[in-house]
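Colleague: Let me see the structure of the following:
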Amino acid sequence: MKRSIGGQEQYLYIPADQKGSIDTFMAYLATLSNQAKMQQIAASLIGDVSASIDGKSTLSSQEVTQSASASIAELVHIFVQKGFPAMQEKIETALAQRNLSPDAK
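Modeller: Coordinates of the predicted model:
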């Protein structure tokens, strides 16, 4: 596809699965687009990480898990809808509101 006459060709790459189908990619994209599902996945991952770090099955509070998973789901949603630059802008804005540096460790 060209955006203008004489412009550079641009292509959209959609990966095919082992069967040569785009079904796996489309299912993946649908999952990324489902904020409730992404929040559920993020909460599960947060619980797994917490358990591996301190031997507990949950973080110190359910509110922290819910807040973190909601933030992750929101970032994934922004990425899917608007791309990486919008997601990066959201992160930088959130850090600035908290007077944090992206380079803080």
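Colleague: and the next element down the chain from the lowest-mean-pLDDT helix or strand in the chain?
Modeller: Comparing helices and strands within the chain by mean pLDDT, DSSP states H and E singles out helix 35-54 as the least confident, with a mean of 77. Moving toward the C-terminus from helix 35-54, the next helix or strand (DSSP states H and E) is helix 62-82.
Colleague: what sits against the spatially most central residue of the chain?
Modeller: The centroid of the chain falls nearest to V76 when counting by C-alpha atoms, centre = their mean (2.7 Å). By C-beta atoms under 8 Å, 6 or more residues apart in numbering, the contact set of V76 is 32, 35, 38. Yep, even glycine has a C-beta here, placed from its N, CA and C like the rest.
Colleague: out of those residues, which are buried?
Modeller: 32, 38 (16 or more other C-beta atoms under 10 Å).
Colleague: and which of the contacts of V76 is nearest Y13?
Modeller: L32 (16.3 Å; C-beta to C-beta).
Colleague: and the gap between the closest one and I14?
Modeller: Note on L32: its distance to I14, by C-beta to C-beta, to the nearest Å, is 14 Å.
Colleague: How about A96?
Modeller: Taking C-beta to C-beta, one finds A96 at 36 Å from I14.
Colleague: Please apply the same query to R98.
Modeller: 38 Å.
Colleague: go on, A43?
Modeller: Taking C-beta to C-beta, one finds A43 at 29 Å from I14.
Colleague: out of the two, which sits in the more crowded spot?
Modeller: Using other C-beta atoms under 10 Å as the criterion, A43 and I14 rank with A43 on top: 20 against 9.
Colleague: Hmm, that one is touching V64, no?
Modeller: No - applying C-beta atoms under 8 Å, one finds A43 not in contact with V64, separated by 10.5 Å.
Colleague: Which pLDDT value belongs to L95?
Modeller: Note for L95: predicted pLDDT of 88.
Colleague: This completes my enquiry, with thanks.
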